[in-house]
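> no sequence for this one, just the structure:
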C-alpha cells in the first residue's frame, strides 16, 4: 500500500498539487481498513464508542449498485457525489460514464483521511487516471463558496444530479441537503449571469447607456458619503415581520434615517411610513411599479445606471446617482472621464445588502434592520402591501420548482422551525460577514422574526429605540440642504454624448483587431501549422502584436475584457480537458480544438462590440427623439 500511495500522490501532484501536499500532511489513523462479509475491503471509523462503516458491512458493491439504480439521473451529464469512501460508487457509475464521454462524476469530500485511505488502493489509482472523474475537497459550505462557484462555471448549463454516500446521508442528512442546495444555487446564479453575458450584456446596456444621458438631472449620491456620522439608520426589508413595527416606525422619522428598498416601499407607504431614502438598482420591469408608488412623496432615490431605464424616469423626486455598475467595468471609465471617481460600493445579494452599504458609506451608526426576515414567517414571503403577500401552504414551499426555489427548514431567531430559501441564507451570510468586517459599526437585527444573522444581536425595535434613538432632528430638511451641494447639473449632456461616441469608435477599432486575429488563425490552418507538436501554435509574433494593440483600446479594457473572462469561465471545462494530464488527445488534435475555441471566442467578442455600438446609437437616437417631443428641452445631439 505504501508504494501505491506514493505513486498516487505523485500523480496527484500533476492534477492538484495543493491537495497532494495536504494529503502528505494528513493523518488517517482514525480510519481503519476492514473486510465486509462478502470479502470486499471496507473502511470504518470508531467515534465515541460507535463504529461507522463507509460501505455496507454485507456487500459494498451491491449497496453501490442499488444506490445508482435508485438515482433519478435522467439527462444529467454531471453527477455530484458527497463522499467517496473506497470508490465503490465510482464502480457503480462506470457504465453511465462509458455511455457518454461528456458525462462527469464529481466526488465532493471533506475528510482528507478518507482520501488518504482511498489512494492507498488501486481503485484510487483508477479514479485518478479516469478522464471523466474528478475529486474536489472542501471544509465548509459558506467558507468555501469559491470552490462551488468554480464548479458551477466549469459545468455551466450542464444538467446535474446531486447525491451522497449512504453513510453521509444517514449521519448527516442536513449536510447533504445543504450541499445539494449550495451546488444548485451556484449553478442557477452562474447560469443567469452567463445568460446575460452571452446575450452580449444587452439586459444591462439597454439601461446603462440611456441612463448615462440622464446624469445631468441627478445628484451625486457619493457626495453624501460621511455626512451622517453616527446618525442611526433603519434599513427596512419587505419581510412579513415588518407589519409588527409599522406603528413604531411612523414615530421614528426624526430619530433615524429610514431606508427602503424598492420592494418594501409599497408596504411602508400604504401604512403611512415615509422613508428618508429609497433605493433601486435592478434592471427589470418590476422596478417601475415599485418606484411609481412613491410619486408624490418626494423620496430621494439612490440608484445605479443599471436600473431599468423607465424606473429611473419614474423617480419623481431627487435621483441620487451612485458610481459603479455591479460587474461591468465600463461605468468606471465614464465616471473617470466625468470626474466622478469615488469608492465603489458592494451591491451584495439584494437591495437590503446594498442599503446597508449605503448607510455605512454615509457614516450611519448604529444600523438597525427591520422587516428583514429572509424566511417565510407564518408561511408568507412579504409584508402586507407588497405583491404576492398570499399565505403559501407548506406543500407549495417544499415541493414545487427546482431545488433552488424549494424551501428548506431552519430555526428562526426564537428557535422555532421556519422555511427559507438558500438564496436568503446566502443573503443572511453576506450581512453577517459585513458585520464581522466592520466591528466599529453597531448592527442590530430588530426584525423580531425570521432567519436572523450570525453574530448580530436580536432586539425588539422598541428596546433599540429606547437605547439608541434618543436625539431628534429634521432629517428631511438636512437631506434637502446636503443634496443642493451635490447637483450634477454641471455635467453637460454633449460631453456624455461625445464620450459615448469615443467609446463607440474604440469598439470599432476592436472589431478590426478581432477580424485580423481571426484571419491570422485561418492562415495558420491553411499553412498546416496545426500539425506542429512543439510550440503553441497560437503564440505567433503577429498574433501577439495584434493582441497587444487590442488590449490597449479602452473598448477592450473597460468592456470586452470582462466578456472575455466570462467566456473563458463558460468554456472552462473544454479548456481544462485540453490541458489535463489525463487528456488522451494527440497534440495535433489539441491544436485543432484550440483554433476552433479561439475563433469562437473572437467571434463572440466581435458580436459584443457590434451589439454595444448599436445600443449606443439607439440611446443617442432615442434621446434626440425625446427632445423633439419635449417642449423647451435642451437639445444636444453630439455627432448625430
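Sure, I can see it. As the structure is a prediction and not an experimental result, all values here were calculated from the model.

> wait, residue 373 touches residue 452, no?
No - look at residue 373 against residue 452 with C-beta atoms under 8 Å: they stay out of range, at 9.3 Å. Every C-beta, even on glycine, is put in place using the N, C-alpha and C of the backbone.

> counting neighbours, go ahead and name the busier of the two.
Each of residue 373 and residue 452 has its neighbours counted (other C-beta atoms under 10 Å); residue 373 has more, 30 against 24.

> what about stretch 576-596, how long is it end to end?
With C-alpha to C-alpha, to the nearest Å applied, stretch 576-596 spans 15 Å between its terminal residues.

> may I see the buried residues of that stretch?
Residues 577, 578, 582, 590, 591, 592, 594, 595 are the ones in stretch 576-596 that count as buried (16 or more other C-beta atoms under 10 Å).

> farthest-separated two in those residues?
Greatest spatial distance in the buried residues of stretch 576-596: 582 and 595, 21.9 Å, computed using C-beta to C-beta.

> point out the least confident one among the buried residues of stretch 576-596.
Across those, the bottom pLDDT score, 64, is held by residue 582.

> so which bits of stretch 130-145 are buried?
132, 133, 134, 135, 136, 137, 138, 141, 145.

> taking the mean pLDDT, what do you get for that stretch?
On average, stretch 130-145 scores 92.

> can you give me the first-to-last residue distance of it?
End-to-end span of stretch 130-145 (C-alpha to C-alpha): 26 Å.

> what lies in contact with that stretch?
Under the contact criterion C-beta atoms under 8 Å, 6 or more residues apart in numbering, stretch 130-145 has outside partners 16, 19, 22, 84, 90, 97, 101, 103-110, 112, 115, 127-128, 147-148, 151, 178-179, 182, 186, 426, 429, 577, 580, 582-584.

> helix, strand or coil for residue 430?
helix (DSSP: H, G, I helix; E, B strand; the rest coil).

> likewise for residue 174?
Residue 174 is classified as helix under three-state DSSP.

> number of residues surrounding it?
For residue 174, the tally of surrounding residues (other C-beta under 10 Å) stands at 10.

> same check on residue 193?
17.

> helix or strand: which one has it?
For residue 193, the host element (DSSP states H and E) is helix 173-198.

> what packs against that helix?
Here helix 173-198 touches strand 78-82, helix 145-154, strand 160-164, helix 166-171, strand 408-411, helix 422-437, helix 561-570, going by 3 or more C-beta pairs under 8 Å, 6 or more residues apart in numbering; DSSP states H and E.

> so which bits of whichever helix or strand comes after that helix are buried?
Later in the chain than helix 173-198, the nearest helix or strand by DSSP H and E is helix 202-212. For helix 202-212, the neighbour count (16+ other C-beta under 10 Å) marks 203, 204, 205, 206, 207, 208, 209, 210, 211, 212 as buried.

> closest to residue 75 among the residues you listed?
residue 203 (27.8 Å).

> quick check, that closest one in contact with residue 283.
Yes - counting by C-beta under 8 Å, residue 203 touches residue 283, with 5.8 Å between them.

> tell me, how many residues neighbour the closest residue to residue 107 other than its chain neighbours?
For residue 107, ignoring the flanking residues on the chain, the nearest one in space by C-beta to C-beta, 6 or more residues apart in numbering is residue 84 at 4.0 Å. Residue 84 has 26 neighbours, counted by other C-beta under 10 Å.

> and residue 84, that's in a helix?
No - Residue 84 sits outside any helix when classified using three-state DSSP, being coil.

> what about the helices in the stretch 501-640 of the chain?
For the stretch 501-640 of the chain, the helices defined by DSSP state H, counting those that start in this stretch occupy 541-552, 554-555, 561-570, 572-579, 587-629.

> identify whichever of these lies nearest to residue 293.
Residue 293 lies closest, by C-beta to C-beta, to one member of those: helix 587-629, at 24.2 Å.

> now for the closest one, which elements pack on it?
Identification of packing neighbours for helix 587-629 by 3+ C-beta pairs under 8 Å, 6+ apart yields helix 202-212, helix 493-526, helix 561-570, helix 572-579.

> quick check: angle from that helix to helix 561-570?
140 degrees (axes from the mean of the first three to the mean of the last three C-alpha atoms, to 10 degrees).

> ok, and the closest non-adjacent residue to the residue nearest in space to the middle of the chain?
Taking C-alpha atoms, centre = their mean, the centroid of the chain lies closest to residue 189, which sits 5.6 Å from it. The shortest distance from residue 189 to any non-neighbouring residue, by C-beta to C-beta, 6+ apart, is to residue 152 (7.2 Å).
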